[in-house]
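Asker: okay, sequence plus prediction incoming.
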Amino acid sequence: MSNQAFVANLYHAPEKGSFDYIEQACIEVDDLGMITQVLSPDHPNYATLVEQHENTRSLTRLADHQYLLPGLVDLHTHAPQWPQAGKGLDLPLHDWLNQYTFPLESRYSDLTFAARIYPELVDTLLAHGTTTAMYFATIDSAPSEYLASVCKEKGQRALVGKISMDEKSMCPDYYVESSTQQALSDAEAFIQNVNEIDAKQGLIYPVVTPRFVPTSTKALLEGLSKLVSQYQCHVQTHASESDWARDFTEQTYQKTDVELYNETGLLTRKTVLAHSIFLSESDKETIKTVGAGIAHCPLSNMYFADAAFPLREAIDKDLHVGLGSDLSGGPLPSIFHAALDAVSHSRVREAGTNTHIMEQRGEASTRVSFVEAFWLATHGGGLTLDLPVGVFKPDTTSTHLWLIATPMVAKFVFMMISIASKTSWRKSLCIPPNLRFRQFG
Ligand code: GUN
Ligand code: FE
């Protein structure tokens, strides 16, 4: 297959806090799915590029009422929890894990059960525009590798982690690694096998995944960090998610989660910390210095966090941050929804809620805008993962390109377009109708 081109009206957010709109942009994509050119109609090469692709019948024109957006990035989601999405949110985190979640996750040791759930979940996320997802799978290697192969088959960019959890006092006996050594050798085999699924073509990545501090021994965290440096892979875990989770680490180690992950070598440029509600100033500095990222999961936070994530401060401090659905702690699979939730969450934080306190009810100047939320859902997510996704940018070095790895992904991205008709898109972003768009490219 040779290069293809698309003429489309497109939106994207190459800079946080603003977005670009190009009417009738011409985007050229090579046969590996990399964007090679994004030209606006006033570019001197525009007419030639369009004509060239018209002649070779490799041009697709989107309808005038359709819009091209970058695929959405879900930085934190639990694939095996899909069957309980929207259920069981009556309990706090510790009880929710033990009563609902561990029993459900343990069922995936049966591959036929996994085969009933994972393809449908991946289809659902793609249908909601999520073209890149960072997944927690389960403790069992075979179904976790199967999830990675489903993503490969369906053309979704996926970072998949087999969960590591070996602290016997905190895990049920039916859902725990047999030993720390076994956990480490299984994690290593998982990395090798997932690397083979994609032959490092940039679509499927293995992720080192200690579930969170309570279910990990220190020896596990230290052993996993050796794998991270050996294989240079991503890391994902939960950090400081609720009062209980934060206190557990402080009482056990007299440290914060961020301090413990950093000291054990798990905090890198390719680490994604889910939640991170209760960060100290020094935690934030550490995260910034290392370049690690945060998956903000606003809907899940409303059930489990006991407080609001300081998103405004994270954005202003230039931390790497994006959005996660956190299925099924968050009951919805949509990153569009997460973007709206992030805005609402910040507005409630700013305004406060207590009807009896009239002054100092909320935290002043902590709102985030819809445009910022769109950036978080796309380019912010890509930056957090250190992957060239979430923005339309040609770059011959390829590091900043938005990648369409297969025609399948391109197809789903284009589905996104039809979600956003001109009026509804303008309304949802609160864009005044007379706004003049900044041109790009
Ligand atoms: N903390 C540890 N495990 C989990 C999980 O599965 N979901 C959420 N939301 N938090 C966790
Ligand atoms: Fe989670």
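Answerer: All right, it came through fine. Ligands and ions are numbered 1, 2, ... in the order given.

Asker: retrieve the pLDDT associated with the residue in the chain that ligand 1 sits nearest to.
Answerer: Nearest to ligand 1, among the residues of the chain, is Gly329, at 2.9 Å (CB to the nearest ligand atom). C-beta: built from backbone N, CA, C; applies to glycine. In the prediction, the pLDDT value recorded for Gly329 is 97.

Asker: list the contacts of it.
Answerer: Neighbour list for Gly329: 78, 81, 89, 93, 96, 297, 300, 303-304 [criterion: CB atoms under 8 Å, 6 or more residues apart in numbering].

Asker: run the last query once more with 6 Å
Answerer: Residues in contact with Gly329, defined by CB atoms under 6 Å, 6 or more residues apart in numbering, are 300, 304.

Asker: and what of Val50?
Answerer: Residues near Val50 by CB under 6 Å, 6+ apart: Cys26.

Asker: give me the next element, helix or strand, following the helix or strand hosting it.
Answerer: Secondary structure from DSSP states H and E places Val50 in helix 46-55. Remark: after helix 46-55, the chain's next helix or strand is strand 59-61, criterion DSSP H and E.

Asker: residue boundaries of the strands in the stretch 51-200 of the chain?
Answerer: Assignment of strands within the stretch 51-200 of the chain using DSSP state E, counting those that start in this stretch yields the ranges 59-61, 67-68, 72-78, 130-136, 157-161, 163-164.

Asker: scratch that, the stretch 301-441 of the chain is what I was asking about
Answerer: In the stretch 301-441 of the chain, the strands defined using DSSP E, counting those that start in this stretch lie at 320-323.

Asker: now find how far off-centre whichever strand or helix holds Phe6 is within its chain.
Answerer: For Phe6, the host element (DSSP H and E) is strand 4-12. When C-alpha coordinates are averaged (CA atoms, centre = their mean, to the nearest Å), strand 4-12 and its chain have centres 23 Å apart.

Asker: count of neighbours near Thr256?
Answerer: Around Thr256 there are 22 other residues, counting by other CB atoms under 10 Å.

Asker: can you list the residues of the stretch 151-300 of the chain near ligand 2?
Answerer: Where the stretch 151-300 of the chain comes near ligand 2, counting by CB under 5 Å from the ion, the residues are Ala274.

Asker: which ones are touching the residue of the stretch 151-300 of the chain found nearest ligand 2?
Answerer: With CB to the ion, the shortest gap between the stretch 151-300 of the chain and ligand 2 falls at Ala274, namely 4.9 Å. With contacts defined as CB under 6 Å, 6+ apart, the neighbours of Ala274 are 76, 238, 295.

Asker: tell me the pLDDT of the nearest residue to Glu263 once chain neighbours are set aside.
Answerer: The spatially closest residue to Glu263, leaving aside those adjacent along the chain, is Lys255, at 7.4 Å (CB to CB, 6 or more residues apart in numbering). If you check Lys255, the pLDDT there is 98.

Asker: give me the buried entries from the contacts of Ala274.
Answerer: For the contacts of Ala274, burial is judged from neighbour counts taken by 16 or more other CB atoms under 10 Å, and it is met by 76, 238, 295.

Asker: need the contact list for the last one.
Answerer: Under the criterion of CB under 6 Å, 6+ apart, the neighbours of Ala295 are 75-76, 272, 274, 324.

Asker: which phi and psi does it have?
Answerer: Taking degrees, to the nearest 10, you get phi -100, psi 110 for the backbone angles of Ala295.

Asker: partners of it in the sheet?
Answerer: When bridges are called by DSSP bridges, Ala295 pairs up with Ala274, Gly322.

Asker: ditto for the second one
Answerer: Beta-bridge pairing of His238 under DSSP bridges involves Ala274.

Asker: contact residues of this protein facing ligand 1?
Answerer: With CB under 6 Å from any ligand atom as the criterion, the chain comes near ligand 1 at residues 78, 93, 97, 101, 211-212, 238, 241, 300, 304, 326, 329.

Asker: what's the closest of the residues you listed to Ala199?
Answerer: Nearest to Ala199 among these is His78, at 26.7 Å by CB to CB.

Asker: right, and that closest one touches Leu327 too?
Answerer: Yes: with contact defined as CB atoms under 6 Å, His78 counts as touching Leu327 (5.4 Å).

Asker: okay, those two: which has more neighbours?
Answerer: Leu327 (29 against 26).

Asker: quick one: the nearest residue to that one once chain neighbours are set aside and Ser179, what's the gap?
Answerer: Counting by CB to CB, 6+ apart, Thr77 is the residue found nearest to Leu327 once chain neighbours are left out, at 4.8 Å. From Thr77 over to Ser179 the distance is 29 Å, taken as CB to CB, to the nearest Å.

Asker: more neighbours: these two, which one.
Answerer: Thr77 (26 against 12).

Asker: any chance you could map the helices in the stretch 201-350 of the chain?
Answerer: For the stretch 201-350 of the chain, helices defined by DSSP state H, counting those that start in this stretch occupy the ranges 218-231, 243-253, 257-263, 281-290, 298-304, 311-316, 335-351.

Asker: fine, thanks again, bye for now.
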